[in-house]
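[1] Generate coordinates for the sequence data below:
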Amino acid sequence: MRLEFINRVKENDILGKSILTSDGKILLRGGIKLTENYIKKLKSMGVFYIYVEDDRLDDIEVEDEKLTELKQVTMKSMSNVVKGIHSCRGKQIRESLVSIEELINYIIDLGDVNKSLYDIKTYDNYTYLHCLDTCVMGAFLGISSGLDEYELRELGIGAVLHDIGKTKVPIKIINKKGKLTDEEFNEIKNHTIYGGEMLKKNFIMSYPIIDIVEQHHERIDGRGYPYGLKGNEISKFAKIVSICDVYDAVSTDRSYRKRFGPNESYELILSGAGTSFDKDLVQNLRKHLLFIL
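    Okay, here's the model as predicted:
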């Protein structure tokens, strides 16, 4: 398989990996022969890259249908997680988090990071998709960093919830296309505080999970927010989510910019090693996750 720019995809090419809609449903299943209409539809939905079959390249594994299914189920449950947090229904959120744990358990059992980390996705419902992909990427980076099963589950739940505080930020600010005012940017930054307060107030969440929510925008050199933590003051889980958060965010089309290519996204992370991101974790990314480039 090869990752191909949509404008270079030809009629009768075979789709290598399934494409998911914003609510986790399969838009096009891997293995289908692409028609002109399919290609036009993908372009109109903002899909810029897809995997296509290529007998010359066998470095990317065939799609893992079980992982795709688990990601679909998790996507569907994420709206219940958000509703449960806002309505203070602890039972509802605990039941919804089961699907996240099942996803993490499968990744642990899978073990091989070269199998189906990402499915190309549409741009709608960005926050849910972003949190899910951050969770999956974080789990693989956590495995490569030697985390045990309990730690990986904590990491996965924290990654899924890392942007939960954005639900308290006005949507007009979240989706603003132009430059944010200082006041608007400060409100965006407050999502880390909002998220921590929500979890502390309404649920019995572990401190490692809350640390992820509050600290995923902290930076190694102390120039992050909200607390200006540096180095070892930042939790290891938050450092992992920080890398995955930025990688996935810049790899996705937004209303105000086009996505970075895989190599550009990786170079951005690499350039921040030792200042924005933990050097050892970036090295793990380099060693174990370069198959996504």
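[2] Give me the pLDDT value at residue 91.
    Note on residue 91: pLDDT of 67.
[3] what does residue 256 give?
    At residue 256, pLDDT is 53.
[4] ok, now residue 30?
    You'll see residue 30 listed with a pLDDT of 83.
[5] and it, helix, strand or coil?
    For residue 30, the assignment made with DSSP: H, G, I helix; E, B strand; the rest coil gives coil.
[6] roughly how far apart are it and residue 19?
    Distance of residue 30 to residue 19, given as CB to CB, to the nearest Å: 8 Å. (Each C-beta comes from the backbone N, C-alpha and C, glycine too.)
[7] do the same with residue 69
    Distance of residue 69 to residue 19, computed by CB to CB: 15 Å.
[8] Neighbour count for those two, which is higher?
    More neighbours surround residue 19 than the other of residue 69 and residue 19, with 21 against 14 (other CB atoms under 10 Å).
[9] Quick check, that one in contact with residue 47.
    Yes. At 6.5 Å, residue 19 and residue 47 qualify as touching, with contact defined as CB atoms under 8 Å.
[10] So what's the residue count around residue 195?
    Neighbours of residue 195 under the rule other CB under 10 Å: 24.
[11] Could I get the pLDDT score of it?
    Residue 195 is assigned 92 on the pLDDT scale.
[12] Need the CA coordinates for the helix or strand encompassing residue 101. CSV is fine.
    Following DSSP states H and E, one finds residue 101 within helix 90-110. Output of helix 90-110 as CSV, limited to C-alpha atoms (Å, rounded to 0.1, in the frame of the first residue of the first chain):
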residue,chain,number,x,y,z
GLY,A,90,-21.0,9.0,36.8
LYS,A,91,-22.6,5.7,35.8
GLN,A,92,-23.1,6.8,32.3
ILE,A,93,-19.5,7.9,31.8
ARG,A,94,-18.1,4.8,33.5
GLU,A,95,-20.1,2.6,31.1
SER,A,96,-19.0,4.7,28.1
LEU,A,97,-15.3,4.4,29.1
VAL,A,98,-15.5,0.6,28.9
SER,A,99,-15.2,0.9,25.1
ILE,A,100,-12.0,2.9,25.5
GLU,A,101,-10.6,0.3,27.8
GLU,A,102,-11.4,-2.4,25.3
LEU,A,103,-9.7,-0.4,22.6
ILE,A,104,-6.5,0.0,24.7
ASN,A,105,-6.6,-3.7,25.7
TYR,A,106,-6.7,-4.7,22.0
ILE,A,107,-3.8,-2.4,21.2
ILE,A,108,-1.8,-4.0,24.1
ASP,A,109,-2.6,-7.5,22.8
LEU,A,110,-1.8,-6.4,19.3
